[in-house]
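[1] Just to be clear, the model below is a prediction. Sequence and coordinates:
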Amino acid sequence: MSATVSGPANPIASPPSVEQRFVAPSRTAWWLQPLRLVPNLMVFCLLGGVFYLGHQTGWKMPKLTQILGSPVATSDRWCAEHLVPELECIECQTHILPKPEPFGFCQAHGVAECVIHHPELAQLPAMAQRTGEFDIATHLPQYDTLQAIGLLARPQNNSRDTTHLSRVQFASTESLAKAGVDVDVVHERPMTDAIAANGELIFDPTCVAHLSPRAPGAVAAVLKSVGDPVAAGEILGVIDASLVGQAKSQLLQAVVQMQLRRATTDRLKPIASSGAVAQKSAVEAEGALREAEVALIAARQALENLGFELPEDLESLPASALAAELRFLGLSPDLANSLAARTKSANLIPIRAPREGVLIASEVVAGEVVDTAKPLFTVSDPRRMWLMLNVRQEDARYIRLGMPVRFVSDSGDQQVTGNISWINPAIDATTRSLHVRVTVVNNDGTLRDRTFGSGQIIVREEPRAVVVPREAVQSTADAHFVFVRDKRFFDKAAPKFFHVRQVRLGARDDHYVELLAGVLPGEVVASKGSNVLLAQLLYGTLGAGCGCHDR
């Protein structure tokens, strides 16, 4: 029988199994698990409190005095939105300077709070009003603004825009100067409403002649150079054309044949009547004479078709004299003598200028072979020119015959004035523009052909337009504004602020903009630096105010 030996337990414990490591703690520490969620719950509660406070305060850091509750003099507190002391902020402390009852949007002039219909809104000199010397009628526009508004398509204001109800305030006149804001007075000056159009100056095509020879041949002489003035009928060049020689030979033969047939007829008529010769011979001679006359007419017409002028008594000249006459037909004696020394050809045909003008192109030299399809000379009368303007399709409805036009070349050295003399009844299919023409007189010859530039078609000229500097006008997506200085701006206790005034834009140039509605002459507006006021206006409308009126 075997014996079992018992002894003390092994002091080195064996490592716990996998089941013991993961299962045993859950059985012993189950009550500790809810405590592990407490830190997460505290973080979520803290974040919720931050979001709530941020929403209530507009996400602004409270002042230290507000946190500690220490008293602060109210005069040192500033309105963060309007950058003025809180107790002086007329936008937040509305009881300081209540806003007048709004009149609404003026449909006729396209602005809110129209000072033309309600001149009491105008910020005109307060001193004159207090002393009874002020007359509002002298400050109203001296022309029909409604007619001017309807004359062209004008920029429009949104009738629902309410930006004009705000005011832009400064803490003092010094702060206005430090902001770089300058002012200007609304005044009157001449302005022009015009439609811009690109254009080109060209010679009047009806006064431009492109000259080609009437018969092919070789150039015998070139008598004029580019730029030379020419008179009507003056010879520019001479062509040696065989066709001319053939026509002259046919004419010479026709003249000789007619002279011979006429002599035969004259000899046979007396003796045929006496019976010495058969009457038939006289009739045949008479018929041959008629054929010779027809041949002479045909030969004469052939030369006249080539531009020659023939004497009426050709048939009376002897053959030798007629041949000499035809050799240099159409040429002056001096030119004929000059050419006789160089050529014995009788095939010469001159090219003449059809009108007075200037030779502006010469595409030929002596000895060159030419044909009727190639222009050799171009003559133009520079005293008459056309200004061709290309008007945008959207502006075509404003164009009328007789409208004044001003044109300046791209180089600025040529200026043209005139009136529209022709309007194309169709829109150009390629450029989608309307072609209009202005006839221009160029007696002094200073204008140049093919000059490009920009033109202005004058729609309206106003000698007393209400204007402000261009930098005085500011715009948002919905409206156009100027900032009008309050008439009591320099009163000692008065708030320093600008009224936001909607305006209707009219004509403009490089320096000024016409305001058809929104301001009156004599009012003072912010000009240079007015964008600072716009920035302050937009910044102020984003906030909720200083909150002073809520206490």
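    Perfect, I can see it now. Numbers count the residues shown, from 1 in each chain.
[2] Return the per-residue confidence for the residue nearest to Gln393 when sequence neighbours are not counted.
    Using Cβ to Cβ, 6 or more residues apart in numbering and skipping residues adjacent in sequence, the residue nearest Gln393 is Arg432, 5.2 Å away. For the C-beta atoms, the positions are set from N, CA and C on the backbone; glycine is no exception. pLDDT for Arg432: 94.
[3] How many residues are close by Arg432?
    By the criterion of other Cβ atoms under 10 Å, Arg432 has 11 neighbours.
[4] Backbone dihedrals for it, please?
    Dihedral angles of Arg432 (phi, psi; degrees, to the nearest 10) stand at phi 50, psi 40.
[5] ok, it touching Asp395?
    No. Applying Cβ atoms under 8 Å, one finds Arg432 not in contact with Asp395, separated by 11.8 Å.
[6] how does the chain divide up, domain by domain?
    104-193+461-533, 195-206+381-459, 208-237+349-376, 242-346 (automatic domain parsing).
[7] For Val38, which of those is the nearest?
    With Cβ to Cβ, the closest approach to Val38 among the domains of the chain belongs to domain 104-193+461-533: 50.9 Å.
[8] Lowest average pLDDT across the domains of the chain?
    Across the domains of the chain, domain 242-346 has the smallest mean pLDDT, namely a mean of 85.
[9] which strand is the longest one in the protein?
    strand 451-469 (DSSP state E).
[10] Strand partners (parallel or antiparallel) of that one?
    strand 187-203 (antiparallel), strand 404-409 (antiparallel), strand 512-517 (antiparallel) (DSSP bridges).
[11] next SSE after that strand?
    Note on strand 451-469: by DSSP states H and E, the next helix or strand toward the C-terminus is strand 474-475.
[12] what distance separates the helix or strand just after that next one from the centre of its chain?
    With elements assigned by DSSP H and E, the helix or strand that comes after strand 474-475 is strand 480-485. Remark: strand 480-485 is offset 29 Å from the chain centroid, using Cα atoms, centre = their mean, to the nearest Å.
[13] Tell me the helices and strands packed up against strand 480-485.
    strand 474-475, strand 496-502, strand 524-526, helix 530-542 (3 or more Cβ pairs under 8 Å, 6 or more residues apart in numbering; DSSP states H and E).
[14] give me that answer again for 6 Å
    Under the contact criterion of 3 or more Cβ pairs under 6 Å, 6 or more residues apart in numbering; DSSP states H and E, strand 480-485 touches strand 496-502, strand 524-526.
[15] is it possible to export those to CSV including distance to Ile351 and mean neighbour count?
    Output for the helices and strands packed on strand 480-485, formatted as CSV (distance: least, Cβ to Cβ, whole Å; neighbours: other Cβ atoms under 10 Å):
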stretch, distance to Ile351, mean neighbour count
strand 496-502, 70, 24
strand 524-526, 69, 24
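[16] In TSV: the ones you listed, plus distance to Glu315.
    Converted to TSV, those look like this (distance: least, Cβ to Cβ, whole Å):
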stretch	distance to Glu315
strand 496-502	93
strand 524-526	93
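[17] got the contact list for stretch 400-416?
    With Cβ atoms under 6 Å, 6 or more residues apart in numbering as the contact definition, stretch 400-416 has outside contacts at 199, 387, 417-420, 438, 440, 447, 451-453, 455-458.
[18] give me that answer again for 8 Å
    Contacting residues not belonging to stretch 400-416 are listed as 194, 199, 201, 387, 389, 417-423, 438, 440, 446-448, 451-459 [Cβ atoms under 8 Å, 6 or more residues apart in numbering].
[19] same deal with stretch 170-188?
    83-85, 88, 142, 464-469, 472, 485, 489-490, 496-497, 515, 519-530, 532-533.
[20] Same check on stretch 355-370?
    With Cβ under 8 Å, 6+ apart, stretch 355-370 has contacts from 203, 207, 209, 212-213, 216-222, 224-232, 236-237, 239, 353, 374-382, 449.
[21] end to end, how far does that stretch reach?
    End-to-end distance for stretch 355-370: 23 Å, by Cα to Cα, to the nearest Å.
[22] List the buried residues for it?
    For stretch 355-370, the buried set under the neighbour-count rule, 16 or more other Cβ atoms under 10 Å, comprises 357-360, 362, 364, 370.
[23] Let me have these in a markdown table, adding secondary structure as columns.
    As requested, the buried residues of stretch 355-370 are arranged in a markdown table below (DSSP: H, G, I helix; E, B strand; the rest coil):
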| residue | secondary structure |
| --- | --- |
| Gly357 | strand |
| Val358 | strand |
| Leu359 | strand |
| Ile360 | strand |
| Ser362 | strand |
| Val364 | coil |
| Val370 | strand |
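[24] quick one: Ala299 from Ile149, how far?
    Applying Cβ to Cβ, to the nearest Å, the value for Ala299 to Ile149 is 75 Å.
[25] So between these two, which is more surrounded?
    Using other Cβ under 10 Å, the more surrounded residue of Ala299 and Ile149 is Ala299, with 23 against 19.
[26] Ala396 versus the residue nearest to Gln393, what's the distance?
    10 Å.
[27] repeat for Thr138
    Distance of Thr138 to Ala396, computed by Cβ to Cβ: 40 Å.
[28] Can you pick out the residue with more neighbours from these two?
    Taking neighbours as other Cβ under 10 Å, Thr138 and Ala396 compare with Ala396 leading, 15 against 11.
[29] burial count for the residue nearest to the more buried one when sequence neighbours are not counted?
    Spatial nearest neighbour of Ala396, chain neighbours left out: Leu434 (4.3 Å); criterion: Cβ to Cβ, 6+ apart. Around Leu434 sit 21 other residues, with neighbours defined as other Cβ under 10 Å.
[30] Leu434 looks like it's in a helix, true?
    No. Going by three-state DSSP, the assignment for Leu434 is strand, not a helix.
[31] bridging residues for it?
    On DSSP bridges, the residues paired with Leu434 through beta bridges are Val391, Ile427.
[32] Could I get the full set of helices for this structure?
    18-28, 38-57, 64-68, 126-130, 145-151, 173-178, 242-274, 279-305, 319-327, 333-340, 530-542 (DSSP state H).
[33] can you put the ones you listed in TSV and add distance to His511?
    Putting the helices of the chain into TSV (distance: least, Cβ to Cβ, whole Å) gives the following:
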stretch	distance to His511
helix 18-28	87
helix 38-57	47
helix 64-68	50
helix 126-130	28
helix 145-151	20
helix 173-178	23
helix 242-274	67
helix 279-305	65
helix 319-327	73
helix 333-340	62
helix 530-542	15
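[34] So for Thr94, which of those sits nearest?
    helix 530-542 (13.9 Å).
[35] so how far is the closest one off the chain centroid?
    33 Å.
[36] Show me what counts as buried in that helix.
    Result for helix 530-542 [16+ other Cβ under 10 Å]: buried residues 530, 532-534, 536-537, 540.
[37] Export these to a markdown table and append columns for distance to Ala507.
    Formatted as a markdown table, the buried residues of helix 530-542 follow (distance: Cβ to Cβ, whole Å):
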| residue | distance to Ala507 |
| --- | --- |
| Ser530 | 20 |
| Val532 | 27 |
| Leu533 | 24 |
| Leu534 | 23 |
| Gln536 | 29 |
| Leu537 | 26 |
| Gly540 | 32 |
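[38] so who does the nearest residue to Gly217 once chain neighbours are set aside touch?
    Spatial nearest neighbour of Gly217, excluding adjacent residues (Cβ to Cβ, 6+ apart): Ala241 at 3.3 Å. By Cβ under 8 Å, 6+ apart, the contact list for Ala241 reads 213-217, 347-349.
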